[in-house]
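Peer 1: mind folding the following:
(2 chains)
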Amino acid sequence: MSIPVHRFAQIVTDRPAERFLRKLFIGKPDLETLVIVSPFIGSLAGTRFELRELCERLSRTNTPVYVLTREPVDDYHREGVAVLLQYDNVEVRYNQALHAKLYVSWTREVSDAFALFGSANLTYPGVEGNIELGMMVFGKGPGRDLVNRLYKWGLELRTLAGTTVAKYRKVARRL
Amino acid sequence: MMEFREWFCLRNRANFTIDPKVNPTDARFYFGRDDIKDKVLKQMRHSFAAPGTPKMMIWGPYGSGKTQTLFYLDWTLHHDPPSYLQLQPHTVHLDIEVQSKSNASSLHMQLLETLGKETVSNWVRELFKQVPDLKATLMELTSDPNVATGLEHLRTFGDINLTAWRWLTGQTISTKELETLGVTRNLGQVGAGDMVVALIAIGKLAERNGAKLIFLLDEMEELQNVRTGDATESIHQYFRRLSDSANSTVGFMVGFKANTLSEGPRILTREDIGTRIGTHNYIEVGHLPAVSDVKRFMEELLEHLVDTDKANDKIQTEALEVTVKTYPFAPSAFELLADYASQDPYKALPRNIINAINECAIQAWDEEKALVDDQIVNDVAPLVFA
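Peer 2: You can find the predicted model right below:
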């Protein structure tokens, strides 16, 4: 269920992470950067929006994906991170103190950008099963500044004390 | 062979580097970082509305653009001043030199020496022309009769003018010189507050002459060189007094290098200063966090440094496969450089990006290429960003 707060924000009580992924997959925004901040990440195998498919799509356009998560311990988390590590356009960093969940689709036109923050991890239960709550913010009107701030905050986590690099985005020499 | 500046249609400049210390008009540039620009300008505008004066700390890692921010603020003060600022800004740039035993006296002396004896003396002389009783007017500017007396002597020329100046800058003068000046003790003898009183009196003197005194102090991470406790405390007290709301006269904008605020000099980041100037006046100038930020920075830099009319002509005449937006970088080379620059956020710094752009252009010129291509970026960028 979605409760519009204003036209620039929605409280999402039904599968908020899936809502974000659906807009990302189906809306096909002119994506410039994707920021994923989630303490736990699974491969999302068996869901409608698998992590591998997301990475495949974004690698075709060489769109930077910045991922911040905890260093994996559980198998499902290892599998999720293993998928991410296969793609040159994906940067993966770890921070063991991470608890926030934030997803930002940053587009060439800020009015097309959107973000989700809330309780949902990017895991199978987080996307499909758990009771989660999130807020979607769209880059329209007052939402423009909010999405911008969320985007900047998400990127700043990359250089936060305690954050370590698992994998840089790879820059391929090309001629 | 054609000169570098002509080769790349540069607009009245020799290369792609930006340095307001070498080329003062470069101070007007602030590329690709609207959020920081808006924040510093807003804080500066608000500071004059109080009524008051700016008290700001600009911090960030090496090469992030702190110096450029200070120069940009200075340029804005002179060319697009806040409406609340009714006086002419009198800005003084200073890179403080600090040694292990430096204390408030050495800081105070550097501030005043950079401001200049003649500047202050002329302010006194101008005031003398305007008022019937100079001493009485100077006494209105300060609660300390010694400071009023010291300033009064600056009206004169010759030895006594110099002695008064030496006294005001906090240098120790002899008993005989104290007697000649008519002051009861050396400035600073009772602490840093003494010198701040003198500095604020000079600020008020400037205001009486239609000027607002603002110091721009760069490279203040040097304060971390101070090792002795007393010296540290005296400099801290100096800034604490200047930060106090009682000082609405002398402004300061300080730049210091730090990756996190807690890494900055404790003298400037202690809570008592933070609460006085307000935490919103500590402004971080950080990395360019994402590819899109780097691209925006590069686009704006090229837009301002390249003469777009000449570049358009060249693109058409030579049928170059490029638009003026990325010129002189081929579109793919532009993307590639942005990729290299943003790979590690710690290295995605304006200084590195400008350096890389300039070095790429130089190599293209050496190789007599009309455009910077992927091969040049592959050669140069890893050296800058690796």
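Peer 1: show me what contacts residue 121?
Peer 2: Going with chain A. Residues near residue A:121 by C-beta atoms under 8 Å, 6 or more residues apart in numbering or on different chains: A:17, A:38-41, A:101. The way it works is simple: take the backbone N, C-alpha and C, and place the C-beta from them, glycine included.
Peer 1: that's the other chain; I wanted chain B
Peer 2: B:154-155, B:161, B:165.
Peer 1: what's the closest non-adjacent residue to the residue of the stretch 51-200 of chain B at minimum distance from chain A?
Peer 2: The nearest approach of the stretch 51-200 of chain B to chain A comes at residue B:61, 9.0 Å away (C-beta to the nearest C-beta). In space, and not counting its chain neighbours, residue B:61 is closest to residue B:259: 5.2 Å by C-beta to C-beta, 6 or more residues apart in numbering or on different chains.
Peer 1: secondary structure element for that neighbour?
Peer 2: For residue B:259, there is no helix or strand it lies in under DSSP states H and E.
Peer 1: can you give me the neighbour number for it?
Peer 2: Taking other C-beta atoms under 10 Å in any protein chain shown as the criterion, the count of residues near residue B:259 is 17.
Peer 1: my guess is it contacts residue B:63. True?
Peer 2: No - using C-beta atoms under 8 Å, residue B:259 makes no contact with residue B:63, being 11.7 Å away.
Peer 1: would you pull up the residue in chain B closest to chain A?
Peer 2: Counting by C-beta to the nearest C-beta, chain B gets nearest chain A through residue B:289, at 3.6 Å.
Peer 1: need the phi and psi values for residue A:133.
Peer 2: Main-chain dihedrals, residue A:133, degrees, to the nearest 10: phi -140, psi 140.
Peer 1: for residue B:218, same thing?
Peer 2: Note on residue B:218: its backbone torsions stand at phi -110, psi 160 [degrees, to the nearest 10].
Peer 1: residues in contact with it?
Peer 2: So residue B:218 contacts B:66-67, B:70, B:93-96, B:254-255 (C-beta under 8 Å, 6+ apart).
Peer 1: now the residue lying closest to it once chain neighbours are set aside: how far from residue B:330?
Peer 2: If you skip the residues right next to it in sequence, residue B:218 has residue B:255 as its closest partner in space, 4.5 Å away by C-beta to C-beta, 6+ apart. Per C-beta to C-beta, to the nearest Å, residue B:255 is found 36 Å from residue B:330.
Peer 1: what about those two, which has more around it?
Peer 2: residue B:255 (25 against 22).
Peer 1: please give me every residue in contact with that one.
Peer 2: B:57-59, B:66-67, B:69-70, B:216-220.
Peer 1: switch to 10 Å and redo it
Peer 2: B:56-60, B:65-71, B:95, B:216-221, B:283, B:285 (C-beta atoms under 10 Å, 6 or more residues apart in numbering or on different chains).
Peer 1: where in chain A is pLDDT low?
Peer 2: Chain A contains residues with pLDDT under 70 at A:1, A:4, A:175.
Peer 1: so where does the residue nearest the centre of it fall, helix or strand?
Peer 2: Nearest to the mean C-alpha position of chain A, by C-alpha atoms, centre = their mean, lies residue A:36 at 2.8 Å. Per DSSP H and E, residue A:36 falls inside strand A:31-37.
Peer 1: so which other helices or strands are in contact with that strand?
Peer 2: The contact analysis (3 or more C-beta pairs under 10 Å, 6 or more residues apart in numbering or on different chains; DSSP states H and E) places strand A:31-37 against helix A:16-27, helix A:51-60, strand A:65-69, strand A:90-94, strand A:102-107, helix A:143-156, helix B:291-305.
Peer 1: these: which one's closest to residue A:135?
Peer 2: Closest approach to residue A:135 among these is made by helix A:16-27 (7.9 Å; C-beta to C-beta).
Peer 1: output the closest one as PDB, nothing but the C-alphas.
Peer 2: Only the C-alpha atoms of helix A:16-27 are listed here, as PDB (Å, rounded to 0.1, in the frame of the first residue of the first chain):
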ATOM      1  CA  PRO A  16       8.900  -1.000  -0.300                       C
ATOM      2  CA  ALA A  17      12.200  -2.400  -1.700                       C
ATOM      3  CA  GLU A  18      10.300  -4.200  -4.400                       C
ATOM      4  CA  ARG A  19       8.500  -0.900  -5.200                       C
ATOM      5  CA  PHE A  20      11.900   0.800  -5.700                       C
ATOM      6  CA  LEU A  21      13.200  -2.000  -7.900                       C
ATOM      7  CA  ARG A  22      10.000  -2.100  -9.900                       C
ATOM      8  CA  LYS A  23      10.300   1.600 -10.700                       C
ATOM      9  CA  LEU A  24      13.900   1.100 -11.500                       C
ATOM     10  CA  PHE A  25      13.300  -1.900 -13.900                       C
ATOM     11  CA  ILE A  26      10.000  -0.800 -15.400                       C
ATOM     12  CA  GLY A  27      10.300   2.900 -15.300                       C
END
